[in-house]
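> Provided below for reference: sequence and predicted model.
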Amino acid sequence: MTRKERTGIIILLGALSALGPFSIDMYLPGFPSIAASLKTSVAVVGYSLTSYFIGISFGQLIYGPLTDRFGRKIPLLVGLGLYLVAAAACAFSSSIAWLVITRFLMALGVCVGMVASRAIVRDLFPINEIAGVFSAFMLIIAVSPMLAPSAGGFVASHLGWRFIFIILVLFAAILIVTVALLLSESKRPDPLVSMKPGRIIAQYMTVAKNRQFLVYAVVSGLGSAGLFAYISDSSYVFMQLFGLTQTQFGWAFSLNAAGLIIGSQVNRFLLRRYSSRQITGVCVRAQVIIGAVLVGGAALNLTPMAGMIGLLIAFLFFTGILNPNAAALALEPFTSHAGSASALLGSIQMALGAIASGVVSSLVHHNALPMAATMWTSALLGVALLALTRRADRIEETPAAG
């Protein structure tokens, strides 16, 4: 693979992975407009975000076996087609219930990009390069929360929130054409991969029984939970509590996303000196400290907007470092079932993200405490899981007395 081909593949796969987050970030500034148009509240509109997370979590479990059975490309095109149709349906929503349903269908389609892109990386790149490639992904994905909210705020203010989904339809169409014409198949179809539900469940159970996979998939998922708690409540915190306009919110959201970008790129340098395990442990402990400050400031109403933005940038900085390393460690043990492992990893990430989003949306809001507490709790659970794993490893390594 030439350097030019490598760069092209990473950009395309990064774009496929970024479409899911972009579809979240672009419509966040439109929440007040959507609520007014569909005669509901901003909090209820938040359930369309929760349904999206649920769809991504469930859908990845479907695409894992499909990408192992039929190759990566055909399922990718089918999923993007579903996303395009569902995004068009979102644009014509006449009720909040319809929006919640069509957002779920959008997620079922878009998650194929996440599954296929991770599996293709596992197909094409050596194990010791995967974390670095995922960091390059994070650079592309992190551009989404920098550009999407500003673009979404502008569109919602000047054209109406429905045009946000029309733009997403156009993006999907461009990706479908690009994948069809430029992406080569990285894995041949394998007729030995069974599509029977019982066999599929057994295959996922085999993946889940690998302790390294399970531990780091959950750690990665808890990192995503903290991120999605922030995403779910950011419009309320900045627009309702701090009184920002849609456009100003877009800029604030973009500024926070800079933490993700910087973290993902710092990680590429850290990997030259430290292992992914070492980096992961440091990141979750740092997030616990930052989360505690967020909780204290929110509970006492002491954190000004500038302080809130600074703390969120710091938290997301470590998320940008944590996620590529945890994901690489989770996928490391697998070759033949990379698609299923990628799907289960993504499903765990999004399931925990959906839980965090649902928790934040359901809590009574008077301040930023629901967001801060959920972010802090996610980090605490990550630290606890790694500590328990290290303790279990030490016990196993200790020779039996006698």
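Nice, thanks for sending it over. None of the values given here were measured: they were computed from a predicted structure.

> where does the stretch 301-402 of the chain have low pLDDT?
When residues are selected by pLDDT under 70, those of the stretch 301-402 of the chain lie in 335-336, 364, 396-402.

> mind listing the helices for it?
In order along the chain, the stretch 301-402 of the chain carries the following helices (DSSP state H, counting those that start in this stretch): 305-331, 338-362, 369-397.

> tell me the most buried of those helices?
Scoring the helices of the stretch 301-402 of the chain by mean neighbour count under mean count of other CB atoms under 10 Å gives helix 338-362 as the most buried, with a mean of 25. C-beta: built from backbone N, CA, C; applies to glycine.

> Between helix 369-397 and it, find me the angle.
What separates the directions of helix 338-362 and helix 369-397 is an angle of 140 degrees, with axes from the mean of the first three to the mean of the last three CA atoms, to 10 degrees.

> As TSV, the helices of the stretch 301-402 of the chain with distance to residue 170 would be great.
Below are these laid out as TSV (distance: least, CB to CB, whole Å):
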stretch	distance to residue 170
helix 305-331	28
helix 338-362	25
helix 369-397	32
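
> so which of these gets nearest residue 109?
Judged by CB to CB, the one of the helices of the stretch 301-402 of the chain that comes nearest to residue 109 is helix 338-362, at 13.9 Å.

> can you map out the helices along the stretch 1-150 of the chain?
In the stretch 1-150 of the chain, the helices defined using DSSP H, counting those that start in this stretch lie at 3-25, 31-37, 42-70, 73-91, 96-124, 127-158.

> could these go into a markdown table alongside distance to residue 328?
Below are those laid out as a markdown table (distance: least, CB to CB, whole Å):
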| stretch | distance to residue 328 |
| --- | --- |
| helix 3-25 | 14 |
| helix 31-37 | 34 |
| helix 42-70 | 18 |
| helix 73-91 | 22 |
| helix 96-124 | 9 |
| helix 127-158 | 4 |
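
> by contact count, what packs against the helix or strand of the chain with the lowest mean pLDDT?
Of all the helices and strands that make up the chain, helix 127-158 has the lowest average by mean pLDDT, DSSP states H and E, namely a mean of 77. Contacting helix 127-158 under the criterion 3 or more CB pairs under 8 Å, 6 or more residues apart in numbering; DSSP states H and E are the following elements: helix 3-25, helix 96-124, helix 162-182, helix 246-270, helix 305-331.

> got any ranges where the stretch 101-250 of the chain has weak pLDDT?
Per-residue confidence for the stretch 101-250 of the chain (pLDDT under 70) gives these ranges: 138, 142, 144-146.

> make it 80
Residues of the stretch 101-250 of the chain that meet the criterion pLDDT under 80 lie in 122, 127-132, 134-150, 190, 192-195, 246-247, 250.

> that older thread, need the helices and strands packed on helix 127-158 in a markdown table (columns: distance to residue 156).
A markdown table is the format used below for these (distance: least, CB to CB, whole Å):
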| stretch | distance to residue 156 |
| --- | --- |
| helix 3-25 | 13 |
| helix 96-124 | 14 |
| helix 162-182 | 6 |
| helix 246-270 | 6 |
| helix 305-331 | 21 |
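
> Among those helices, which comes closest to residue 61?
Shortest distance between residue 61 and the helices and strands packed on helix 127-158, using CB to CB, is found for helix 96-124: 9.2 Å.

> What is the burial count for residue 241?
Burial of residue 241 is recorded as 17 neighbouring residues (other CB atoms under 10 Å).

> do residue 58 as well
When neighbours are counted by other CB under 10 Å, residue 58 registers 17.

> Adjust the sequence numbering to begin at 577 for everything that follows.
Sure, I'll start numbering at 577, so the last one becomes residue 634.

> What distance do you get for it to residue 950?
Between residue 634 and residue 950 the distance is 22 Å, computed by CB to CB, to the nearest Å.

> How about residue 839?
If you measure residue 839 against residue 950 using CB to CB, the figure is 20 Å.

> tell me which residues of stretch 734-752 are tucked away?
If you call a residue buried by 16 or more other CB atoms under 10 Å, then stretch 734-752 has these buried ones: 737, 738, 740, 741, 742, 743, 744, 745, 747, 748, 751, 752.

> Repeat that for stretch 615-623.
Residues of stretch 615-623 classed as buried under the neighbour-count rule (16+ other CB under 10 Å) are 616, 618, 619, 620, 621, 622, 623.

> out of the helices of the stretch 877-978 of the chain, nearest to residue 654?
Judged by CB to CB, the one of those that comes nearest to residue 654 is helix 914-938, at 14.5 Å.

> rewinding a little: for residue 694, find the nearest of the helices of the stretch 877-978 of the chain.
Closest of the helices of the stretch 877-978 of the chain to residue 694 is helix 914-938, at 4.0 Å (criterion: CB to CB).

> relative to helix 579-601, how tilted is that closest one?
Taking the same axes, to 10 degrees, one finds helix 914-938 and helix 579-601 inclined to each other by 30 degrees.
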